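Visitor: coordinates only, no sequence provided:
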């Protein structure tokens, strides 16, 4: 009985020591998440010296601490949003816990992309706008925010659209105007706004009409002013291809528009067929000398 009692007492003592060691093991409590730009603290328990680490996309931080005290971080210590790992090391004791730094809910800046910078008139969904919303620490603001878009021309009412961000991004498409010229494209989130300029140019010509008259032994050919289907002058420099077919002979002359008109001369063959084209847009035909 005496030997059994001694064994039981020894076992109880070992359990008590293990419970005491467990009770004195260091601990620290982390917030589940912290908003970027916010101060936060990490309470610890236990006694003695330790080292506290935080590692994440914003860098690595190391603090020498006294267990039982609180580890404090100022508002601007950790501002990059992302997934972090906190580790407490005291002697042979090492414990790690994850936590998140979340983007601020308050937008501070936007990045506005408008494409293309030059677009033909009267194009359905021809212009796109994309906005990225950032907080003061350059983190994408993940909370949905309404973005207002407005495309204003020199005449007429502006087109407006509103889109909510998803994961910090919002996008829309708009129609180009019927009149050529510069359009002001604006994106706005609250009081934050950005402008871009979209140059709207004439679309493909609606038709090409040529006139012909004699000029000595040659034919003088001249287009009427070339415009798109909305009445905008087609830009100077656009190539007009004049063609003349006479029997097995065929000749082509490329002439750029100048002040909206293209002119050239070609040989005067009786019965020759003369035409003009701009890209895939064909003009009228003239049969020379058959009238």
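Guide: Arrived safely. Treat the numbers as computed from the prediction; the structure is a model and nothing was measured.
Visitor: show me where pLDDT drops low in the chain?
Guide: The model of the chain has pLDDT under 70 over residues 1-24, 290-291.
Visitor: let's see that with 50 instead.
Guide: 1, 7-9, 11-23 (pLDDT under 50).
Visitor: chain center to stretch 189-208: distance?
Guide: Taking C-alpha atoms, centre = their mean, to the nearest Å, one finds the center of stretch 189-208 at 17 Å from the center of the full chain.
Visitor: same thing with stretch 111-118?
Guide: 8 Å.
Visitor: check which residues of that stretch are buried.
Guide: Buried residues in stretch 111-118, defined by neighbour count with 16 or more other C-beta atoms under 10 Å: 112, 114. C-beta here means a position set from N, CA and C on the backbone, and glycine is covered the same way.
Visitor: let's have the chain start at 51 instead
Guide: With the count now opening at 51, the last piece we talked about shows up as stretch 161-168.
Visitor: run through the helices of the stretch 51-200 of the chain in chain order.
Guide: Along the stretch 51-200 of the chain, counting by DSSP state H, counting those that start in this stretch, helices occupy 52-73.
Visitor: enumerate every residue touching residue 137.
Guide: By C-beta atoms under 8 Å, 6 or more residues apart in numbering, the contact list for residue 137 reads 102, 103, 104, 105, 144, 145, 146, 147.
Visitor: wait, residue 210 sits on residue 179?
Guide: No: contact criterion C-beta atoms under 8 Å: residue 210 and residue 179 do not qualify, at 11.6 Å.
Visitor: quick one, which of these two is more surrounded?
Guide: Set side by side, residue 210 and residue 179 show more neighbours around residue 179, with 25 against 13, by other C-beta atoms under 10 Å.
Visitor: circling back: could you dump the contacts of residue 137 to TSV with neighbour count and distance to residue 302?
Guide: Shown next, in TSV, are these (neighbours: other C-beta atoms under 10 Å; distance: C-beta to C-beta, whole Å):
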residue	neighbour count	distance to residue 302
102	19	81
103	15	76
104	22	73
105	14	70
144	13	82
145	13	83
146	11	77
147	13	78
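Visitor: how near is the residue nearest the centre of the chain to residue 219?
Guide: In the chain, the centroid-proximal residue (C-alpha atoms, centre = their mean) is residue 180; its distance is 4.4 Å. For residue 180, the distance to residue 219 equals 7 Å [C-beta to C-beta, to the nearest Å].
Visitor: before we move on, what about residue 117?
Guide: Counting by C-beta to C-beta, the gap from residue 117 to residue 219 is 44 Å.
Visitor: please apply the same query to residue 79.
Guide: When distance is defined by C-beta to C-beta, residue 79 is 35 Å away from residue 219.
Visitor: more neighbours: the two, which one.
Guide: Counting neighbours by other C-beta under 10 Å for residue 79 and for residue 219 shows that residue 219 has the greater number, 14 against 11.
Visitor: domain-wise, how is this protein divided?
Guide: Using automatic domain parsing, the domains assigned to the chain come out as 73-152, 159-251, 260-337.
Visitor: quick revisit: hey, what's the residue nearest to the centre of the chain bridged with?
Guide: Residue 180 has these beta-bridge partners by DSSP bridges: residue 163, residue 221.
Visitor: from residue 167, how far off is it?
Guide: As for residue 180, its distance to residue 167 is 14 Å (criterion: C-beta to C-beta).
Visitor: quick one: residue 78 and residue 136 touch, right?
Guide: Yes: Residue 78 is within contact range of residue 136, at 7.3 Å (criterion: C-beta under 8 Å).
Visitor: and the closest residue to residue 313 other than its chain neighbours, which of the three is it?
Guide: In space, and not counting its chain neighbours, residue 313 is closest to residue 272: 4.7 Å by C-beta to C-beta, 6 or more residues apart in numbering. The three-state label given to residue 272 by DSSP: H, G, I helix; E, B strand; the rest coil is strand.
Visitor: redo the contacts of residue 137 as JSON lines? Include distance to residue 238.
Guide: JSON lines is the format used below for the contacts of residue 137 (distance: C-beta to C-beta, whole Å):
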{"residue": "102", "distance to residue 238": "43"}
{"residue": "103", "distance to residue 238": "42"}
{"residue": "104", "distance to residue 238": "37"}
{"residue": "105", "distance to residue 238": "38"}
{"residue": "144", "distance to residue 238": "50"}
{"residue": "145", "distance to residue 238": "47"}
{"residue": "146", "distance to residue 238": "44"}
{"residue": "147", "distance to residue 238": "41"}
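Visitor: in strands only, show me those residues.
Guide: Among these, the ones falling in strands (DSSP state E) are 102, 103, 104, 105, 144, 145, 146, 147.
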